[in-house]
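>>> make a model of this:
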Amino acid sequence: MTHGHAPATPRSTLVVTAHAGDFVWRAGGAIALAAARGEKVTVACLTYGERGESAKAWREGRKLEEIKAIRREEAEKAAATLGAEAVFFDAGDYPLIATPELTDRLVAVYRAAQPDVVLTHPLEDPYNGDHPAAARMALDARVLAQAIGYPAEGEIIGAPPVFFFEPHQPEMCGFKPEVLLDITEVWETKRKAMECLAAQQHLWDYYTDLAVRRGVQLKRNAGPNLGLPHQTYAEAYMRPYPQVTGELA
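Just a heads-up that it's a prediction; the model follows:
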């Protein structure tokens, strides 16, 4: 009889985004790093960004359902490139309306994914109400998924830490880069995923430049003598809840 330890359950990351492209621009590096470590990554895309984030397709004369199909295909390719699985809600954007039904569907995703980490939008964005709507539902669903009496299938979850990823205009959204994540080793993967999003090609260079700037900040905050690569890429995050730790580091 052979004795042994049961294999450990892989860590799980859940990403909740308003639109089909958001997870790539804002958290593609974190997703790729998690996947490279063998973790499970689930991306919950509440909408395809078909109305407000697909201007190129509308100008080409595409129809709504065609645009949805284009954006879904792009997001699926990007998620696969990063090593994640995408789940689409097709809730409709501009506006994305927070509803009990949508929140309930997110609770089911939480319980199925059993996340160790949650990534989502900040709660402020004066330029795009879909983003804070998604964030609010992500936070509400996280709490409900912990409640043993909440009527949803699956096991209750713990209290996974939440990280807000950087919005497009951080200064206007109350965003401060509290956490700088070094994504240098997976930068080429993130860039390939960005290039899957042809409908928003105008953002490729913007988010490349942002990764470089955050990389400069990462090196400066890490110290001058740690041997970091000359060209370092990073993503910035905020934490809405306290960090729980037994050691200050």
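>>> what residues does the closest residue to Leu139 other than its chain neighbours make contact with?
Excluding its sequence neighbours, the residue lying closest to Leu139 (CB to CB, 6 or more residues apart in numbering) is Val162, at 7.0 Å. All C-beta spots, glycine's among them, are computed from the backbone N, C-alpha and C. Taking CB atoms under 8 Å, 6 or more residues apart in numbering as the criterion, Val162 is in contact with 118-120, 138-139, 142, 239-241.
>>> which stretches in the protein count as helices?
For the chain, the helices defined by DSSP state H cover 22-36, 55-59, 64-82, 100-113, 130-146, 187-194, 204-222.
>>> deepest of the ones you listed, which one?
Comparing these by mean neighbour count (mean count of other CB atoms under 10 Å), helix 22-36 ranks first with a mean of 26.
>>> got any ranges where the protein has weak pLDDT?
1-7, 223-229 (pLDDT under 70).
>>> sorry, back to before: for Thr42, find the nearest of the helices of the chain.
helix 100-113 (4.5 Å; CB to CB).
>>> start and end of stretch 90-98, how far apart?
Chord length of stretch 90-98, first to last residue, is 13 Å (CA to CA, to the nearest Å).
>>> distance from that stretch to the middle of the chain?
Taking CA atoms, centre = their mean, to the nearest Å, one finds stretch 90-98 lying 17 Å from the centre of the chain it belongs to.
>>> which residues sit against that stretch?
Residues outside stretch 90-98 that contact it (CB under 8 Å, 6+ apart) are 18-19, 46-53, 68, 102, 129-130, 133-134, 136-137.
>>> make it 7 Å
18-19, 46-52, 102, 129-130, 133-134, 136-137 (CB atoms under 7 Å, 6 or more residues apart in numbering).
>>> would you mark the buried spots in that stretch?
Neighbour counts over stretch 90-98 (16 or more other CB atoms under 10 Å) mark 91, 93, 96, 98 as buried.
>>> now the two most distant members of these.
Taking CB to CB, no two of those sit farther apart than Asp93 and Ala98, at 12.6 Å.
>>> out of the buried residues of stretch 90-98, who's nearest Trp25?
Taking CB to CB as the measure, Trp25 sits nearest to Asp93 out of the buried residues of stretch 90-98, at 15.5 Å.
>>> if we can go back for a sec, will you turn the buried residues of stretch 90-98 into JSON lines that also has distance to Glu85?
Shown next, in JSON lines, are the buried residues of stretch 90-98 (distance: CB to CB, whole Å):
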{"residue": "Ala91", "distance to Glu85": "18"}
{"residue": "Asp93", "distance to Glu85": "21"}
{"residue": "Leu96", "distance to Glu85": "21"}
{"residue": "Ala98", "distance to Glu85": "24"}
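>>> let's see which of those residues end up in strands.
Among the buried residues of stretch 90-98, no member is found in strands (DSSP state E).
>>> out of these, flag the one nearest to Ala78.
Among these, Asp93 lies closest to Ala78 (CB to CB), at 17.3 Å.
>>> how much space separates that closest one from Pro170?
Per CB to CB, to the nearest Å, Asp93 is found 21 Å from Pro170.
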